[in-house]
Structures are given as C-alpha cells and as structure tokens.
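>>> Turn this into a model:
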Amino acid sequence: MNDSLLDQWSRACGLAEEYLDFRAERRPIDPAIRAAILEAMGLDWKASPPAPSSGSPTGEREGELPRASEPRFLAAGGRAWGLSIQLYTLRSRANWGMGDFGDLADLARSAAGAGADFIGLNPLHALFAADPGHCSPYSASSRHCLNVLYIAVERVPEYAHCPEARDLVGTPAFREALQRLRQTDLVDHVAVAGCKLPVLRQLYEHFRREEWLAGTQRGRDFAHFLDLRSETVGAHALFEAIDAEMRREHRALGGWVTWPDAYLDPEAPAVQAFAADHEAEVGFHAWLQWVAEAQLAEAQCVAREYGMRIGLYGDYAVGVHPGGSETWANRSVYCIGASFGAPPDALALKGQDWGLPPPDPRRLAELHGAPFRALMRDNLRHFGALRLDHVMSLYRLWWVPRGRSAAEGGYVHYPVQMLFDIVAEESARSGCMVIGEDLGTVPAEVRGLMEEAGVHGYLVLYFERDAGGAFRLPRQWRHDALASITTHDLPTLRAWWEASDIDLRARLGMYPPELEVAALKAERAADRERLIDALAGAGTRPRWPVEAFEADFAAAIHAFLASSASALVAVQAEDLLGMEDPVNIPGTCAEYANWRRKLSADLEALIEGDSARPILQALRRHRPR
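This is a model prediction of the structure:
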C-alpha cells in the first residue's frame with residue numbers, strides 16, 4: 001500500500017490519521033480503513049497525488065462570522081420555558097390515531113395560555129408514504145419535505161366540499177376503525193396511513209378537478225408552490241410515485257438503491273417518461289406537501305397569535321435514509337458506500353453505526369455548500385427555533401465503510417467555517433434562532449464557532465456535573481443554551497429516579513455479562529442523593545430523603561431547572577404526566593416499540609392534569625413571561 005499517496009489524499013479529503021478516544025488516548029486510524037473511506041468517496045487514490053486546492057479543507061476563511069437570529073427578549077437577557085413533545089404521541093378525540101398538525105395547533109393555544117413560549121418537536125421530515133411502518137423520524141426520506149401522516153384530514157379545506165370523502169369517513173366501519181386507533185397505546189403507523197391516504201386521495205381528486213384544472217385562486221397558489229419548490233418538493237413527489245410503483249411491481253423494498261438501473265438517475269429517460277405518464281400521481285404527492293406545509297404554518301401562526309414569543313421549535317435530523325428521495329436527488333453529494341455513527345465510547349464499547357450515508361465534504365465545498373443551504377432554508381422556514389441534531393457533524397463525522405464494524409471507522413472533517421456561515425446566514429434571513437445539540441465530546445473549535453455564530457447549545461440535567469460527579473448548581477449553567485432534564489433517547493424523570501430504565505435495559509439484554517445491575521442501581525442511588533444535595537444547595541427544596549417518586553418532588557426538580565442561568569428551559573411531555581416508558585431506546589429495533597409509544601393522557605390533561613399543575617406553576621414562578 002502506498003502510504004505516501006494515502007496520507008496525501010487523507011489530508012486533502014479531511015480524513016484524520018488519528019483521533020482522541022473517550023479515554024483521551026490517541027488512536028491511529030488503520031491505513032486500510034482510511035483507504036476504504038477514500039474509496040467510498042469514489043476516489044482512485046492510488047493513481048496519482050491529489051490536485052492542489054486553494055484554501056483549507058475545513059473551509060476556514062477570514063472575516064467576521066455572520067450571526068444567527070435571536071429573539072429580542074433573549075438578546076436582552078430574558079429567559080423562557082416551553083414544552084418538548086413527540087408530535088405523533090399526542091392523544092386527542094379528533095386525531096386519527098396519531099398526533100397531527102391540528103393537535104399541534106390546539107396544544108399551542110393551550111400551552112401559550114399556560115405561559116409557554118415554545119413547543120419543541122421531533123423531526124417532522126418526510127418518511128416513505130409507501131412504507132409507513134418505517135417510522136423513525138431520524139431516518140427520513142427527505143429533510144426538504146414533511147411527513148404527510150401529520151396532516152389533520154378533516155381540517156383540509158377540500159374536506160368540507162367533498163361529499164365522497166365525508167361519506168367514507170362517516171361510515172360505521174370507518175368510525176370504528178378510527179376509535180380503535182385512538183385507543184391504542186402504540187401508534188399503528190400502517191393502519192393510520194391506511195385510513196388517511198385513501199381519504200386524502202379523494203380530497204386531492206376533488207382539488208385537482210375543482211381548483212387546479214379549473215384555474216381558481218387556490219389552484220394557482222398550488223401551481224406557484226410547485227414552481228418555487230420544483231427541485232425539492234417536485235423531486236420528492238416524483239420519488240414517492242416511483243417508490244410506490246417499485247414496491248408494488250418489483251418488490252424493491254429498500255428505496256431507490258433497490259430499483260432497476262433505468263430509474264437510478266432522476267434525469268434518466270425512464271424517470272422522465274414515468275413522470276409524464278403518472279402526472280396526476282406525482283401531483284398527489286406534491287399536493288400532500290403543500291397541504292402539510294399550510295397546516296404546519298397555521299400551527300406556528302396560532303402559537304404566536306396566542307402569545308408565544310418563539311412558537312414552534314423544530315428538529316433537523318443529522319442524516320437521511322440511504323434509499324430515500326434526498327439521496328436519490330443528490331447522488332453526487334452522498335456517499336452510499338459508507339455510513340456514519342460514533343466511535344467506541346464508555347456507553348457503546350463497539351461503537352455505533354447509524355446506517356445513514358455521509359455527505360462528501362469535497363463535493364459540498366465544490367458546490368459552496370448549496371445543498372446544505374437548501375436544507376437549512378427548507379427547515380428554518382417553518383419554525384421560530386430549530387435544533388440541529390448532532391451539531392458536531394458540521395465539523396466531522398465518524399465514517400464507517402460498508403462491510404466494516406462500527407469500530408472500524410475514521411473521522412472525516414467538513415468545511416466547518418462555511419457550514420456555520422450558512423447556518424448563521426439562513427437563520428438571520430428567516431428570523432429563526434438555532435440550537436445546536438452539542439452533547440458528548442465537543443471539539444473546542446465547534447464550541448468557539450457556535451459562540452461566534454450565535455448558535456445556542458444544549459444542556460441536560462443528568463449530565464450537568466462537576467469532576468467529582470456532583471450536580472452543578474443552576475447559576476453555574478451556561479446562559480446561551482436550552483436546558484432540559486432529559487431527551488427522547490434518555491430515561492424519563494420517573495424512570496431515572498426509580499431506576500426502572502436499568503431494569504428495562506437488563507430485560508432487553510443490553511448489558512454485557514460482566515456488568516452487574518446491582519452496581520448500576522447502587523450508582524443511581526448515589527446520583528439521587530447527589531441531586532437531593534443539589535436541590536438543597538440551590539434553595540429549591542430542603543434536604544430530606546425521597547422514598548418514592550412524587551409530583552411535588554418532580555416540581556422541585558423542574559424549579560431547579562427553571563432557576564438555571566440558561567436562556568431556555570424545556571419540559572418533556574412525559575415528565576408532565578409522570579410517565580415511565582421511554583420514547584426510544586438507542587441500540588434496539590424490534591426489541592422495543594421505538595417511536596410508537598403514545599402519551600398516557602390526552603391534550604387537556606397534558607396542561608391541566610394534576611401531575612402537570614405543580615410543575616407548570618414552578619416554571620411560571622421562575623420564568624414569568
């Protein structure tokens with residue numbers, strides 16, 4: 001192997017030759033791994049040295065960094081609180097078995113009345129309409145588009161004027177099906193799609209006949225939407241139509257990577273012929289996006305109208321499914337021959353492979369970041385704040401070549417200055433503030449760029465400790481951050497306090513044999529005492545033991561959180577209800593119902609229930625609007 005050429009190409013492509021592991025020890029990247037990563041980029045690195053390039057592979061530049069948008073009240077030193085929900089988990093008497101944009105508007109109204117300034121959401125990215133069972137919001141088909149199962153069908157304007165759709169929904173069998181879907185404890189995405197999509201198709205046919213082809217104002221508005229969004233929504237709509245056909249006729253179940261060769265290129269003659277022959281079907285999927293965007297915009301309008309100073313707080317997932325529409329429409333940007341994840345650490349000794357294709361940093365630089373800018377623009381447009389999942393991805397990603405284990409990877413660096421410039425510029429353009437999820441090991445360069453760009457950070461109570469393990473007092477927390485007790489990947493407050501998350505992971509066989517559950521529980525008991533000490537030290541609650549989880553104690557912990565210096569505080573919906581079961585358990589698939597578990601009560605109880613009342617009182621007391 002020609003190490004000299006390998007080293008030259010590695011440096012030219014931002015591929016690290018070593019890294020610091022979680023023990024702060026330097027680990028070299030095996031040359032064979034580096035070679036495999038370069039080959040995943042499509043490079044023939046053995047043939048000749050890389051061509052000289054101008055500038056730094058990390059995209060450094062001179063000049064002042066643009067600043068992201070920040071609400072005036074926060075810039076003036078104000079603080080706020082809000083809710084954090086997984087939209088699909090919401091229960092209501094009106095939805096069709098999963099939370100929808102109608103529920104979101106209703107929750108925005110009631111949460112604003114309770115004093116909240118924002119509602120944090122899971123990623124709302126488009127999944128696969130032809131495969132509704134694929135429900136992870138962090139493995140989307142396209143981050144340019146929305147998940148159409150969030151459409152509140154009966155709030156679509158055409159519903160009031162389409163008797164065929166109303167007649168179908170009004171049948172006893174249909175009403176009984178909806179009632180069953182509302183009563184389940186887990187979202188049945190396949191059954192929800194089975195109810196929603198046929199009715200939405202009827203509404204689209206009505207719209208196409210009465211509005212679009214008739215040239216009404218509403219029809220012209222849709223045509224204008226298509227013109228503006230042809231490269232993103234248009235490509236996704238075409239993908240959806242082809243994907244449904246391929247799954248039905250060819251059993252191609254993995255997205256475009258399993259399609260016949262003639263359809264792999266969006267510009268191929270077979271694809272263009274399909275688009276011409278299936279114009280109405282492609283239009284249906286584009287119309288769904290138009291309707292979804294309108295309903296999401298309405299929810300944001302309601303939030304602001306009823307007093308929220310931020311409104312909806314969206315989530316931008318770090319990657320996409322390899323077989324989805326985003327990679328299909330941008331094949332030169334994504335490297336399908338690799339995936340990314342995380343190197344081995346204390347919690348995952350074998351490393352993590354998230355199964356998501358990494359973008360090519362050289363291609364991003366060649367295009368001056370245009371694909372990333374389009375993604376930022378299409379996400380920032382919907383919200384008052386946007387969370388960037390795994391913000392360190394703007395700096396580097398842990399690439400895993402196909403066929404290798406998660407530990408057999410290497411760090412590839414990105415044009416970080418350019419990408420932060422884009423985030424800040426598009427944030428300022430849209431008026432949407434940005435929060436970077438910076439949990440875990442964060443390089444100093446990323447922290448510095450976040451501060452310069454005005455990107456807020458992310459704090460979680462469980463991890464806010466000093467070197468000795470004691471919880472930091474609220475006044476010691478960073479101001480330029482959103483703080484929460486937990487996240488969708490971590491135990492609920494009740495589960496953490498009762499250590500039931502340890503029991504659950506043990507039942508699922510997630511601990512290695514040498515790890516004793518009793519030792520983990522003993523450490524959790526010590527953590528509980530540390531938290532009680534911190535509450536007493538902050539003056540939030542006198543120090544006395546808590547034998548069992550209780551609503552007043554949950555309120556005290558939220559008061560501790562709310563009294564922090566952090567600009568924003570988010571309370572999980574599950575903690576308002578005192579729930580135990582988590583949303584997601586990383587490292588599981590079929591073993592646990594990830595992304596399906598509903599809340600234990602409906603929308604009214606979420607704000608007005610007995611368990612929520614003392615927590616909301618504590619939040620209002622420490623963070624009045």
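
>>> Tell me how many other residues crowd the residue lying closest to residue 260 once chain neighbours are set aside.
Computed as C-beta to C-beta, 6 or more residues apart in numbering, the closest residue to residue 260 that is not its neighbour in sequence is residue 250, at 6.8 Å. Every C-beta, even on glycine, is put in place using the N, C-alpha and C of the backbone. A total of 12 residues lie near residue 250 under the criterion other C-beta atoms under 10 Å.

>>> And residue 521, by the same measure?
Residue 521 has 14 nearby residues by other C-beta under 10 Å.

>>> Can you tell me what sits against the helix or strand encompassing it?
Here residue 521 sits within helix 517-537, counting by DSSP states H and E. Helix 517-537 has contacts (C-beta atoms under 8 Å, 6 or more residues apart in numbering) with 469-473, 496-497, 499, 502-503, 506, 511, 541-546, 556-557, 560.

>>> Just the buried positions in that helix, please.
520, 524, 527, 531-532, 534-535 (16 or more other C-beta atoms under 10 Å).

>>> what do you get for stretch 39-54?
Quick answer for stretch 39-54 (16+ other C-beta under 10 Å): 39-41, 43, 45, 50.

>>> and it, average pLDDT?
Average pLDDT, stretch 39-54: 85.

>>> what do you get for stretch 332-341?
Per-residue scores along stretch 332-341 average to 97.

>>> my read: residue 280 touches residue 208, true?
Yes. At 6.8 Å, residue 280 counts as touching residue 208 under the criterion of C-beta atoms under 8 Å.

>>> Those two: which is more packed in?
Remark: of residue 280 and residue 208, residue 208 carries more neighbours, 18 against 11, as counted by other C-beta under 10 Å.

>>> what number of residues lie near residue 276?
Residues within reach of residue 276, counting by other C-beta under 10 Å, total 9.

>>> hang on, it is in a strand, isn't it?
No. Assessed with DSSP: H, G, I helix; E, B strand; the rest coil, residue 276 is helix; it does not lie in a strand.

>>> Quick check: the gap between it and residue 269.
11 Å (C-beta to C-beta, to the nearest Å).

>>> Go ahead and confirm the residue nearest to residue 260 touches residue 259.
Yes. Residue 250 lies in contact with residue 259 (C-beta under 8 Å); the separation is 7.3 Å.

>>> Just the buried residues of the contacts of helix 517-537.
Counted by 16+ other C-beta under 10 Å, those give 471-473, 496-497, 499, 502, 541, 546, 556-557, 560 as buried.

>>> Take those residues and write them to a markdown table, including secondary structure, distance to residue 117 and pLDDT.
As requested, the buried ones among the contacts of helix 517-537 are exported to a markdown table (DSSP: H, G, I helix; E, B strand; the rest coil; distance: C-beta to C-beta, whole Å; pLDDT from 0 to 100):
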| residue | secondary structure | distance to residue 117 | pLDDT |
| --- | --- | --- | --- |
| 471 | strand | 25 | 97 |
| 472 | coil | 24 | 97 |
| 473 | coil | 24 | 96 |
| 496 | helix | 26 | 96 |
| 497 | helix | 27 | 95 |
| 499 | coil | 33 | 95 |
| 502 | helix | 35 | 95 |
| 541 | coil | 25 | 85 |
| 546 | coil | 30 | 80 |
| 556 | helix | 22 | 95 |
| 557 | helix | 20 | 96 |
| 560 | helix | 19 | 97 |
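
>>> Save the residues you listed as a markdown table, and put in distance to residue 89 too.
Shown next, in a markdown table, are the buried ones among the contacts of helix 517-537 (distance: C-beta to C-beta, whole Å):
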| residue | distance to residue 89 |
| --- | --- |
| 471 | 28 |
| 472 | 30 |
| 473 | 33 |
| 496 | 19 |
| 497 | 21 |
| 499 | 23 |
| 502 | 23 |
| 541 | 30 |
| 546 | 27 |
| 556 | 26 |
| 557 | 22 |
| 560 | 26 |
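
>>> And the furthest pair within these?
473 and 502 (26.7 Å; C-beta to C-beta).

>>> what about residue 19, which SS state?
Strictly by three-state DSSP, residue 19 counts as strand.

>>> is it true that residue 82 lies in a strand?
Yes. According to three-state DSSP, residue 82 belongs to a strand.

>>> how many neighbours does residue 114 have?
17.

>>> ok, so what distance separates residue 374 from residue 352?
28 Å.

>>> now residue 369
27 Å.

>>> With residue 249 instead?
36 Å.

>>> Of those two, give the one with the bigger neighbour count.
The residue with more neighbours, out of residue 249 and residue 352 and counting by other C-beta under 10 Å, is residue 352; that gives 20 against 9.

>>> right, and that one touches residue 342 too?
Yes. Counting by C-beta under 8 Å, residue 342 is a contact partner of residue 352 at 4.3 Å.

>>> Please enumerate the shared neighbours of those two.
Joint contacts of residue 352 and residue 342 (C-beta under 8 Å, 6+ apart) are residue 406.

>>> count of residues packed around residue 167?
Residues near residue 167, counting by other C-beta under 10 Å, number 11.

>>> how far out from the middle of the chain is whichever strand or helix holds it?
If you go by DSSP H and E, residue 167 is part of helix 163-170. Mean-position distance between helix 163-170 and its chain equals 35 Å (C-alpha atoms, centre = their mean, to the nearest Å).

>>> One more: stretch 537-555?
Using C-alpha atoms, centre = their mean, the offset of stretch 537-555 from its chain centre is 32 Å.

>>> now do stretch 26-41
With C-alpha atoms, centre = their mean, you get 29 Å for stretch 26-41.

>>> Now do it: everything it contacts.
Here stretch 26-41 makes contact (C-beta under 8 Å, 6+ apart) with 1, 3, 6, 9-10, 13, 15-21, 45, 335, 337-338, 360, 362, 399, 401-402, 404, 408-412.
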